[in-house]
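> fold the following.
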Amino acid sequence: MGFGNIKTKDGQKQLNDFLADRSYIEGYVPSQADVVVFEALSGAPPADLFHALRWFKHMSSYKKPEMQSWPGVKQPLGNYGPKGGAAAAAADSDDDDDDDDIDLFGSDDEADAAAEKLKEERLAAYAAKKSKKPALIAKSMIILDVKPWDDETDMKEVEKSVRSIVTDGLVWGTSKLVPLAYGIKKLQISCVVEDDKVGTDFLEESITAFEDFVQSVDVAAFNKI
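The predicted structure is shown next:
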């Protein structure tokens, strides 16, 4: 339908009704549509048509060169304004079809329920996967220097005594005799321990308990593995 003769009272009332919930003729910024309608008016609308008057005063605050730079392409006045006739009917028909396709009840709840179910399934799958994954066990390799009392100490008995220490998380490794001084040799022996189960204090106390053979124990090396 579009705007008719907006120089008349009826035409200006139509413009007023059209602008009741709009700031501009088209869109959310001033455009060439506003220029066409503004230039079609012979003057300010009457005070009782306050929506149209508000818009007219707003347009009047701009200078003409500035208005010419607004976006859009000028079209005939009848192309602007309220829709009518076949075009409006078609638009209404499209709107009705869109409404038919929209589920106004329960759609959000269904989406939320589906999302929550998917979240729970993923959490359950992650928990199951994590439970099957073996926990990482922190281990260390320790090399101990076991020193005898003198050169008459039986080093085979020393090693036998050390290896007799058995506990969960302790595995003895290779060993060798290393010369100290005056014919005395020390036993250098390696082991692998689980850090949460076996510490150096336990090893030192257990080995020095063989006081007939062992004078002292030193940690020669300590490496995480």
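> need the strands for this structure, in chain order.
Under the criterion DSSP state E, strands of the chain are mapped to 139-148, 170-181, 184-194, 214-224.
> list the contacts of the residue nearest to Lys74 when sequence neighbours are not counted.
Ranked by Cβ to Cβ, 6 or more residues apart in numbering and with sequence neighbours excluded, the top spatial neighbour of Lys74 is Gln32, at 4.8 Å. For every residue, glycine as well, the C-beta is placed using N, CA and C. Counting by Cβ atoms under 8 Å, 6 or more residues apart in numbering, Gln32 makes contact with 70-75.
> so for Ile25, which of the strands of the chain sits nearest?
strand 214-224 (75.6 Å; Cβ to Cβ).
> distance from the chain centre to that closest one, please.
In terms of Cα atoms, centre = their mean, to the nearest Å, the centre of strand 214-224 is found 48 Å from the chain centre.
> helices of this protein, start to end?
Taking DSSP state H to define them, one finds helices in the chain at 9-18, 32-40, 50-60, 64-68, 85-101, 107-132, 155-163, 200-208.
> let's have these in JSON lines, adding mean pLDDT and distance to Lys139.
Formatted as JSON lines, the helices of the chain follow (pLDDT from 0 to 100; distance: least, Cβ to Cβ, whole Å):
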{"stretch": "helix 9-18", "mean pLDDT": "91", "distance to Lys139": "81"}
{"stretch": "helix 32-40", "mean pLDDT": "93", "distance to Lys139": "78"}
{"stretch": "helix 50-60", "mean pLDDT": "92", "distance to Lys139": "79"}
{"stretch": "helix 64-68", "mean pLDDT": "88", "distance to Lys139": "78"}
{"stretch": "helix 85-101", "mean pLDDT": "45", "distance to Lys139": "63"}
{"stretch": "helix 107-132", "mean pLDDT": "79", "distance to Lys139": "22"}
{"stretch": "helix 155-163", "mean pLDDT": "96", "distance to Lys139": "19"}
{"stretch": "helix 200-208", "mean pLDDT": "95", "distance to Lys139": "14"}
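> let me have those in a markdown table, adding distance to Leu177 as columns.
Formatted as a markdown table, the helices of the chain follow (distance: least, Cβ to Cβ, whole Å):
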| stretch | distance to Leu177 |
| --- | --- |
| helix 9-18 | 106 |
| helix 32-40 | 101 |
| helix 50-60 | 102 |
| helix 64-68 | 100 |
| helix 85-101 | 89 |
| helix 107-132 | 46 |
| helix 155-163 | 6 |
| helix 200-208 | 16 |
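> Met141: which of those is closest?
helix 200-208 (12.0 Å).
> just the angle between that closest one and strand 170-181, please?
Comparing the axes of helix 200-208 and strand 170-181 via axes from the mean of the first three to the mean of the last three Cα atoms, to 10 degrees yields an angle of 60 degrees.
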